[in-house]
Each structure stands twice: as C-alpha cells, then as structure tokens.
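[1] Give the three-dimensional model of this entry:
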Amino acid sequence: MKVKKRMGLIISALLIAILISGCSTKKQVNSSQDSKGIASENGGTLVIARLSDAENLDHHFMSTINAASVTHNKIYEGLVGRDKNAEIKPVLAEKWEQLDETTWEFKLREDVTFHDGTAFNADAVKATFDRLLDPDVASPRAVVFKMVEEVKAVDEFTVQFKLSEPFSPLLSILANHEGGIISPKTIEKYGKKVIQEPVGTGPFVFESWTPGKEIVFNKNETYWGTQSKLDKVIFKIVPEETTRISMLETGEAHIAEPLSVTMMETVENSKNAEIYRSEGFGTEYIGFNVEKEPFNDARVRKAIGHAVEMDSILEGVFENVGNKSNSLLGPKVFGYHESLEAYEYNLNEAKRLLTEAGYPNGFETTLKTMDKKEWINMAEVLQSQLKGIGIKLDIQVYEYGTFVEQVNRGDSEMFILSWRNATGDADYNQYNLFHSSSHGPAGNTFFYSNKEVDSLIEAARAEKDSDKRMEFYAKAQEIEMEESVYIPVRVIENMAAISKDVKGFSISPSGYLEINDISIK
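    Model (predicted):
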C-alpha cells in the first residue's frame, strides 16, 4: 500500500510538473509579441518609421543612400563590406589579390545561395556586373565602375576584374551598394527593366513593397552568415515627423529616422525613446546649376557665398548639431582638405561681385529643397539673408522623390542637397559630383565641367601612392571652391530616435541603417 501510495504521489507530481511546464511554455511564446505584433528579444517584427520611400529597389538604378539603406547588406551583399571601424572586410569573397595594376582576383565563398535557391558563384558575379555595365541598361550607377573592362569567371569560385586603367579605390566601391550581387534568375526575369522584387544573398528576404506605404522583409532562414534575431522588418513611410515620434511612444515603431534637431528635446524628454547620433562621411551644401543663368557666371555664385552668414544658420537652424564644413568631404573621408578655406561673410564683396557680373540690383531666382524640416528652415534663412544683396528667393518644397528627379534632370537653379559619400574615399565624392561625365543622376547635379578638375580626379584614381592622391584631391577641391560650384554647410551627423528596448542599432558613416545585429526586449 505504501508503495502504491508513493507511486501515486510521484505520478501526481509529474503530471503537475508537465502542466506547469506546458503553461510556462505557452506564456513564453505569447510574450514574444505584444498586442501590436511588435518584436521581443528574439524574433518578432522590427518597425522602422521613415520620412521617405525608396525610389526603387534596384541597386543599379538607385541614386540615393535613402533608397540603398533599405536593401544594402540586408537583401543584397557585395564581395566585400565594411566593419564597425569602416575597414574593408570579406563578405561574399573570402580573399582577394591585386595581380597587376589592372587585374584584381577574388576567391568566393562556396557555401552561399541566393534567396531563390540559385547557387552563388563566379557566373553570378559576372552576370551582375555585365548588367550594370551594359550601355543598353543605362544604369546611372555604371559610371562608378567605368574603369571595369571585363568581369571574368576564372572557375566556379574565382572571379577577376579586368580594368582599363589602374583604379586604387576599387575595394571601396565594391563595398558600396552598387557592388551588391543580384540573383541571375532575377536578372534574367527583369533584364534591362528596374527590378521590383530584389533577390540577393543577405540576411533578409524581400516580401512586399507598397509604394508610399511600406516595404516588408522576412528573416532569411538559410542565411550563410549569422542569422538575424528578428523574424520580420517593416519600413513604414511616415512623412510627418511628429507622427513618427508618436509611433515610438505608443509602441507602433522601434526606430524613427531621420530625426530633426527640432524634435531632439521631445525625444530627450521621452520615457520610451532615446537619440542615436554618429558622425557621417558626408556633408550638406547649397548647390548651383552652373548651366542656368545667372549661375553660369562664377562671380554670381561667389557673391551668394559671401552673402550667406553660415554661423547663424548652424546655430539657429541646426542648433550646432554637426560641424561647419569647408568642403563637400567630411573630415573622416580619405582626401579631405583640412586647410581649404570656405567663403567669408562679406556683404560688400558680395555686392561688388554682383555689380561686376551685371546685377547691381540683384535678381529673382528659385531655391528647391525637399520636405525636410531643417532644409526648409535653412531655405527661409537664406531667403532673408540674400535680400541684403537684392536677390529675391522663391522657395519651392517638394517631396523627396520629386525633388531628386527634378534636380537630377537639371530642372533647378539653386538647391539644398547632401552627399553621403558611401565609400569613405574622396573618389566617390569627386568623380560623382564634379567629373564632367557624371552629369545628372550620377551625382553632378551642378552640371559642372572643368577639364583640369577631370584630369586631377582621373590622376587620383590611378595613383597608388596615398600622399600623391591627397595632393590631387586638394588641388581639385581648391578649384571647385574658387569657381564657387557650391556653398558648404555642415558635416552630416546621423540622427535617429530609437526605442529604449532596441539594442544593436547603428547608422554607418556612409548613412546606411545597420539592423542585422538588432535585438528587441
């Protein structure tokens, strides 16, 4: 009897333990999501509320970091990338070697497949760059790989880049979004058309895109590298910043970006959110279309440079967030010209130059900007300041996509813009923004041409000696400043508002959102 009683107690205890275990398991599963389906520490959905939509999801047709930031290192990956210190690291290539001045060889990983199941190999790399460089495709990003004569599949996992001329910053370009490798099946499906459903090798898989509303990715369950802790990522397009911040407070979003200086105090006082800040490679600037009158006269452009009181703009508009710039290169970029002198505030000199150019009483012109609070505020300050030399400024504000399209096609006179410099090398800035072959979507929205500047940029590309490269870039920047192609404003400081439950988020110096290491409590 005692044995039976003891056995009964043991069985009862086991049954209770099983029931408790079952209840605990159920409770744990349910706690991985809140009432809105938002993420827990492992798994769940990361929601990013963004100002602007991507113009497209095809790296061969993207002209902005805003779009590339959605897919770079998430859907698409390159042969190489950058680590947290912005140093070049292996990604889809395990190692590489420069065989001679114009030949680079890459040994590829052998354990990678695309999201559609296609094997990643040398043929896939070749297919990607053949499409990018095909003149019939007319990719606006082909210009950055202009020096690539041929991409050759040596064997299944060895690929060579044959260049038409020496090109020192090749790795820095390959680490950028233009170097992302696309599935051959996707290339075959879309051909020369813009890819609508991106397929790469990255840690996330494309699910859907509702233009103007949201872009949705799922976790890549068969990813070759370290898998994300997230199950899903949703990029929600929310133009109104107060709404984006409100979404953080209510738990509808985890990240709101970009964050304007005008909303910093609100976030600082929040119980649920905090500010993320980091210095970027890029700068913001006031640009001129030098093909449009009266800005085809350097004296007019320089007069405006002398009429802008930049210190008051930095303090009043940007609340001293981000440092005053003297160039379109940030201090962290290789090739930055530390001693370059920007324009001195001098109204008398500005008036003298305008009179000399034939505009003693000033003129009327337009300034275009996107619907970004700081830029609108800066435009209004410029409008007030330029009245001092008789210039009447008509401010035109557009949503992001329309603004970029107009500036790219030259439908502008003056504009406010930024350049993120995605590679950390001056070549990406100089060749895209100032070389005469880069007019329009490639980056030269000044429509500027100068044979000496072209030669200096080309010489710097071919030169291996870093000191000589620095000299070439310094000279080019001096000419650009002397010809007043632009007015430098400030070095970009990346800012976002993030939930205090988010860990592992960052924005690279290039401006790419880094979400692969995120976990959410």
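[2] which other residues reach stretch 326-344?
    With contacts defined as CB atoms under 8 Å, 6 or more residues apart in numbering, stretch 326-344 is touched by 86, 279-283, 285, 302, 305-306, 308, 310, 323, 325, 419, 421, 424-427, 429-430, 433, 460, 466, 469-470, 473-474, 477-478, 480-481, 484, 486-488, 491-492, 509. Bear in mind the C-beta positions are built from the backbone N, C-alpha and C, glycine included.
[3] buried ones in it?
    Within stretch 326-344, the residues scored as buried using 16 or more other CB atoms under 10 Å are 326, 327, 328, 329, 330, 333, 334, 335, 336, 337, 340, 343.
[4] now that stretch: how far from the chain's centre is it?
    Centroid separation for stretch 326-344 versus its chain: 20 Å, with CA atoms, centre = their mean, to the nearest Å.
[5] can you tell me the distance between the two ends of that stretch?
    One end of stretch 326-344 to the other measures 11 Å (CA to CA, to the nearest Å).
[6] Let me know the average pLDDT across it.
    Mean pLDDT, computed over stretch 326-344, is 94.
[7] Over to stretch 349-364?
    Mean pLDDT, stretch 349-364: 98.
[8] Can you list the neighbours in contact with that stretch?
    Outside of stretch 349-364, the residues within contact range by CB under 8 Å, 6+ apart are 294, 297, 299-300, 302-307, 386, 388-392, 394.
[9] Write the PyMOL selection for whichever of the contacts of stretch 326-344 are buried.
    Entered in PyMOL, the line below selects the buried ones among the contacts of stretch 326-344, by 16+ other CB under 10 Å:
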select buried, resi 86+280+281+282+283+285+302+305+306+308+310+323+325+419+421+424+425+426+427+429+430+433+460+469+470+473+474+477+478+480+481+484+486+487+488+491+492+509
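[10] Scan the chain for its longest strand.
    In the chain, taking DSSP state E as the definition, the longest strand is strand 273-288.
[11] helix or strand right after it?
    helix 298-307 (DSSP states H and E).
[12] by contact count, what packs against that next one?
    Under the contact criterion of 3 or more CB pairs under 8 Å, 6 or more residues apart in numbering; DSSP states H and E, helix 298-307 touches strand 273-288, helix 347-356, helix 373-386.
[13] Can you tell me which of those is most buried?
    Mean neighbours per residue, mean count of other CB atoms under 10 Å, is largest over the helices and strands packed on helix 298-307 for strand 273-288, with a mean of 21.
[14] Just want the angle from that one to helix 298-307.
    Relative orientation of strand 273-288 and helix 298-307, computed by axes from the mean of the first three to the mean of the last three CA atoms, to 10 degrees: 150 degrees.
[15] quick one: strands adjacent to strand 273-288?
    Here strand 273-288 is paired, per DSSP bridges, with strand 414-419 (antiparallel), strand 486-499 (antiparallel).
[16] wait, which of the ones you listed is closest to residue 272?
    Nearest of those to residue 272, taken as CB to CB: strand 486-499 at 6.2 Å.
[17] now what about the helix or strand following the closest one, what contacts it?
    Next helix or strand after strand 486-499 toward the C-terminus (DSSP H and E): strand 502-503. Strand 502-503 is contacted from outside by 254, 255, 518, 519, 520, 521, using CB under 8 Å, 6+ apart.
[18] now do stretch 311-318
    Applying CB under 8 Å, 6+ apart, the external contacts of stretch 311-318 come out as 261, 320, 322, 324, 345, 374, 377, 378, 381, 382, 489, 490.
[19] show me where pLDDT drops low in the stretch 251-400 of the chain?
    Across the stretch 251-400 of the chain, not a single residue meets the criterion (pLDDT under 70).
[20] Quick check: of the contacts of stretch 311-318, which lies closest to residue 133?
    For those, the nearest to residue 133 is residue 489 (34.5 Å; CB to CB).
[21] Next, find the distance separating the nearest residue to the closest one once chain neighbours are set aside from residue 512.
    Nearest non-adjacent residue to residue 489, counting by CB to CB, 6 or more residues apart in numbering: residue 284, 4.4 Å away. To residue 512, residue 284 is 18 Å away according to CB to CB, to the nearest Å.
[22] for the chain, which spans come out with low pLDDT?
    Scanning the chain with the threshold set as pLDDT under 70 gives 1-42.
[23] returning to what we had before: redo the helices and strands packed on helix 298-307 as a markdown table? Include distance to residue 49.
    Listed next are those as a markdown table, based on distance: least, CB to CB, whole Å:
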| stretch | distance to residue 49 |
| --- | --- |
| strand 273-288 | 11 |
| helix 347-356 | 42 |
| helix 373-386 | 15 |
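[24] Nearest to residue 437 among those would be which one?
    With CB to CB as the measure, strand 273-288 is the member of the helices and strands packed on helix 298-307 nearest residue 437 (18.2 Å).
[25] Now the buried members of the contacts of strand 502-503.
    The neighbour count (16+ other CB under 10 Å) marks 254, 255, 518, 519, 520 as buried among the contacts of strand 502-503.
[26] and residue 98, what element?
    Using DSSP H and E, residue 98 falls within strand 93-100.
[27] now residue 469
    Residue 469 belongs to helix 466-482 when elements are defined using DSSP H and E.
[28] and that helix, what other elements does it pack with?
    helix 426-434, helix 451-462.
[29] So what touches the last one?
    Pointing back at helix 451-462 there. Counting by CB under 8 Å, 6+ apart, 147, 165-169, 335, 426-427, 430-431, 434-437, 468-469, 472-473, 475-476, 479-480 sit against helix 451-462.
[30] What residues of stretch 196-207 count as buried?
    Neighbour counts over stretch 196-207 (16+ other CB under 10 Å) mark 197, 198, 199, 200, 201, 202, 203, 204, 205, 206 as buried.
[31] Rebuild the residues you listed as TSV, extending it with distance to residue 136.
    Shown next, in TSV, are the buried residues of stretch 196-207 (distance: CB to CB, whole Å):
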residue	distance to residue 136
197	22
198	21
199	22
200	23
201	26
202	28
203	33
204	31
205	29
206	25
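[32] How about the contacts made by residue 254?
    38, 39, 46, 47, 48, 248, 498, 499, 501, 502, 520.
[33] Please apply the same query to residue 160.
    Taking CB under 8 Å, 6+ apart, we find residue 160 in contact with 99, 103, 104, 105, 106, 151, 152, 154.
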